[in-house]
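*Asks:* Sequence plus the predicted model coming up.
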Amino acid sequence: MTVQEAYKRTQMQLYEVYDNREATNIADQVMAFVTGYSRTDRLVRGHEPLTHAQANKLTLYTLQLLQHVPLQYVLQEAWFAAMPFFVNESVLIPRPETEELVEWVAQEARSVQTQATTDATVSKSTTIIDIGTGSGCIPIALKKKLPTATVHALDVSPGALAVARRNASTLEAAITFHETDILQQMKWQYLPVFDIIVSNPPYIKESEKADMHENVLDHEPHLALFVPDADALLFYRTIAQFAQQHLRPRGMLFFEINEALGKETTDLLISQGFINVELRKDMQGKDRMIKAILPA
């Protein structure tokens with residue numbers, strides 16, 4: 001079977017479970033991953049035969065895709081901040097809106113570092129922790145954008161931390177990892193004080209499951225997704241309390257949030273004594289991230 005014939009067959013099979021545009025896009029990505037050929041390369045080299053190993057991989061990947069396994073889990077790769085991250089079903093697939101949060105954090109951290117050159121009272125080496133790190137995409141991207149920063153990452157899941165450590169090693173990012181349940185306050189004492197705390201915690205209410213795609217519900221880790229309807233702000237409240245003890249005066253707290261709970265999250269942070277609370281929309285116009293400052 002030639003490369004082009006394999007592409008066409010894959011595309012036709014994916015039409016069974018995806019709309020035409022998505023099937024074509026997925027087929028393109030799978031063929032590029034299997035053969036190393038871009039769409040343009042295939043126009044020139046499409047007559048070449050697939051190797052036996054390539055054909056076996058393509059068959060395996062197609063079968064998984066037909067069972068609604070997300071493409072990133074099938075390929076065990078997701079791109080974030082222009083870097084390839086290893087992913088499996090122990091971690092959430094990194095989302096584009098989280099890249100927006102990372103860029104916001106980096107911008108604010110650079111501003112603080114600039115101030116540090118003229119103000120001896122400001123720490124010259126920014127210390128950051130990401131709570132609920134999953135694949136490690138947030139701390140690794142921040143370390144790449146802020147090479148002089150000291151970056152920590154925390155997660156309760158050993159499986160997630162294994163993925164995050166692998167990504168940090170592969171992408172050559174120096175991160176200090178902690179296996180800790182942030183909901184257990186007695187474990188906070190083992191963590192240092194930070195200039196910036198960032199988190200994309202579980203924030204989808206259990207009642208919202210009905211509106212979610214099958215490939216998310218069946219494959220992405222529920223531990224990292226869902227919170228009880230009766231306490232949808234559980235992690236925000238807990239991390240805000242943690243920040244009151246482990247954030248330096250004038251330190252910054254950043255969250256990715258449930259788009260439907262922007263006001264509630266803002267009110268929570270204000271009630272906890274944070275100032276300069278700023279709610280920001282993502283590129284799709286949804287309330288998606290928030291910044292707050294701990295008073296001096």
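*Replies:* Right, received. Where do you want to start?
*Asks:* Run through the stretch 101-250 of the chain and note the low-pLDDT ranges.
*Replies:* Within the stretch 101-250 of the chain, the ranges that satisfy pLDDT under 70 run 113-124, 205-206, 208-220, 223-225.
*Asks:* switch the cut-off to 80
*Replies:* 112-124, 203-231 (pLDDT under 80).
*Asks:* which stretches of it form strands?
*Replies:* 127-131, 150-155, 175-179, 194-199, 204-205, 226-227, 247-256 (DSSP state E, counting those that start in this stretch).
*Asks:* Helices of this structure, start to end?
*Replies:* 3-14, 20-35, 39-45, 52-66, 71-75, 96-116, 137-145, 158-170, 214-219, 234-246, 262-271 (DSSP state H).
*Asks:* Nearest to Ile196, out of the ones you listed?
*Replies:* helix 96-116 (6.1 Å; CB to CB). For every residue, glycine as well, the C-beta is placed using N, CA and C.
*Asks:* give the contact list for the residue nearest the centre of the chain.
*Replies:* With distances taken as CA atoms, centre = their mean, the chain has Pro94 as the residue nearest its mean C-alpha position (3.6 Å). Contacts for Pro94 were tallied using CB atoms under 8 Å, 6 or more residues apart in numbering; they are Ala78, Trp79, Phe80, Phe85, Val87, Gly134, Ser135, Cys137.
*Asks:* repeat that with 6 Å
*Replies:* Ala78, Phe80, Cys137 (CB atoms under 6 Å, 6 or more residues apart in numbering).
*Asks:* same thing with Leu171?
*Replies:* Leu171 touches Met83, Ile140, counting by CB under 6 Å, 6+ apart.
*Asks:* so how far is Pro221 from it?
*Replies:* To Pro221, Leu171 is 21 Å away according to CB to CB, to the nearest Å.
*Asks:* would you list the helices of the chain in JSON lines and tack on distance to Thr126 and mean neighbour count?
*Replies:* Shown next, in JSON lines, are the helices of the chain (distance: least, CB to CB, whole Å; neighbours: other CB atoms under 10 Å):
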{"stretch": "helix 3-14", "distance to Thr126": "45", "mean neighbour count": "18"}
{"stretch": "helix 20-35", "distance to Thr126": "36", "mean neighbour count": "18"}
{"stretch": "helix 39-45", "distance to Thr126": "41", "mean neighbour count": "12"}
{"stretch": "helix 52-66", "distance to Thr126": "41", "mean neighbour count": "15"}
{"stretch": "helix 71-75", "distance to Thr126": "30", "mean neighbour count": "20"}
{"stretch": "helix 96-116", "distance to Thr126": "5", "mean neighbour count": "17"}
{"stretch": "helix 137-145", "distance to Thr126": "9", "mean neighbour count": "25"}
{"stretch": "helix 158-170", "distance to Thr126": "18", "mean neighbour count": "18"}
{"stretch": "helix 214-219", "distance to Thr126": "34", "mean neighbour count": "15"}
{"stretch": "helix 234-246", "distance to Thr126": "15", "mean neighbour count": "18"}
{"stretch": "helix 262-271", "distance to Thr126": "21", "mean neighbour count": "16"}
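*Asks:* JSON lines please, covering the ones you listed and showing distance to Ser207.
*Replies:* Formatted as JSON lines, the helices of the chain follow (distance: least, CB to CB, whole Å):
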{"stretch": "helix 3-14", "distance to Ser207": "32"}
{"stretch": "helix 20-35", "distance to Ser207": "27"}
{"stretch": "helix 39-45", "distance to Ser207": "41"}
{"stretch": "helix 52-66", "distance to Ser207": "29"}
{"stretch": "helix 71-75", "distance to Ser207": "26"}
{"stretch": "helix 96-116", "distance to Ser207": "22"}
{"stretch": "helix 137-145", "distance to Ser207": "27"}
{"stretch": "helix 158-170", "distance to Ser207": "25"}
{"stretch": "helix 214-219", "distance to Ser207": "13"}
{"stretch": "helix 234-246", "distance to Ser207": "15"}
{"stretch": "helix 262-271", "distance to Ser207": "15"}
